[in-house]
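>>> Next come a sequence and a model predicted from it.
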Amino acid sequence: MYEEKRVNLVRLFTARLRSRAEAEDLVQELYFKVAAVEGDTAGSGGGSALLHRMAENLMLDRLRSRQRGQARDEHWRRLQGGEATIDGDQAADAPSAESVVEGRQRLAAMLKTLETLPPSVARAFRLHKLEGLSHAETAAAMGVSRSAVEKYVSAALKAVFRGAA
């Protein structure tokens with residue numbers, strides 16, 4: 001009986017679970033359950049109805065388990081304070097420890113490179129890139145022209161990227 005209904009059960013589970021792989025797993029699980037009770041129902045005449053009832057029960061158990069898992073995962077995410085998602089996948093709010101260490105190392109290397117630059121170049125870079133001033137604001141703070149600031153920042157960027165390589 002199971003072999004006759006297997007293809008239809010896979011189609012039914014695939015439609016309801018929206019996953020061919022999960023449907024195949026469920027039908028295989030059903031096979032083991034049918035094999036376990038096969039001797040008990042040999043003469044009952046309700047084989048097809050029993051098979052469908054077992055299939056429905058397995059599918060409902062699977063769906064309930066999935067819902068509980070999703071609720072548990074959602075609760076955990078809320079407790080962690082991370083609601084950010086990318087294409088439906090959870091994204092961490094904080095960088096990993098490795099990223100933090102790598103960032104600190106890059107910052108230290110950049111600051112060390114800035115110490116080797118002429119004071120006006122290093123100051124223009126700090127004001128514009130680190131403190132967020134515009135070229136015009138940096139020029140006003142340093143008492144130089146805007147094009148001088150652009151040249152200083154460009155020179156500093158070249159040095160920093162050379163130092164990072």
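Everything's here; your move.
>>> hey, where'd the helices end up in the chain?
Using DSSP state H, the helices found in the chain span residues 2-17, 20-37, 47-80, 97-115, 119-125, 135-142, 146-164.
>>> For Glu24, give its distance to Glu115.
In this view, Glu24 and Glu115 are 63 Å apart by CB to CB, to the nearest Å. (Glycine included, C-beta is placed from N, CA and C.)
>>> which one of the two has more residues nearby?
Set Glu24 next to Glu115 and count neighbours by other CB atoms under 10 Å: Glu24 wins out with 14 against 7.
>>> And for that one, nearest residue in space, chain neighbours not counted?
Val10 (6.4 Å; CB to CB, 6 or more residues apart in numbering).
>>> and that neighbour, how many neighbours?
16.
>>> contacting residues for it?
Arg20, Ala23, Glu24, Val27 (CB atoms under 8 Å, 6 or more residues apart in numbering).
>>> How confident was the prediction at the third one?
This means Glu24. Predicted confidence (pLDDT) for Glu24: 88.
>>> before we move on, what about the first one?
Looking at Arg20, its pLDDT stands at 89.
>>> Understood, closing this out.
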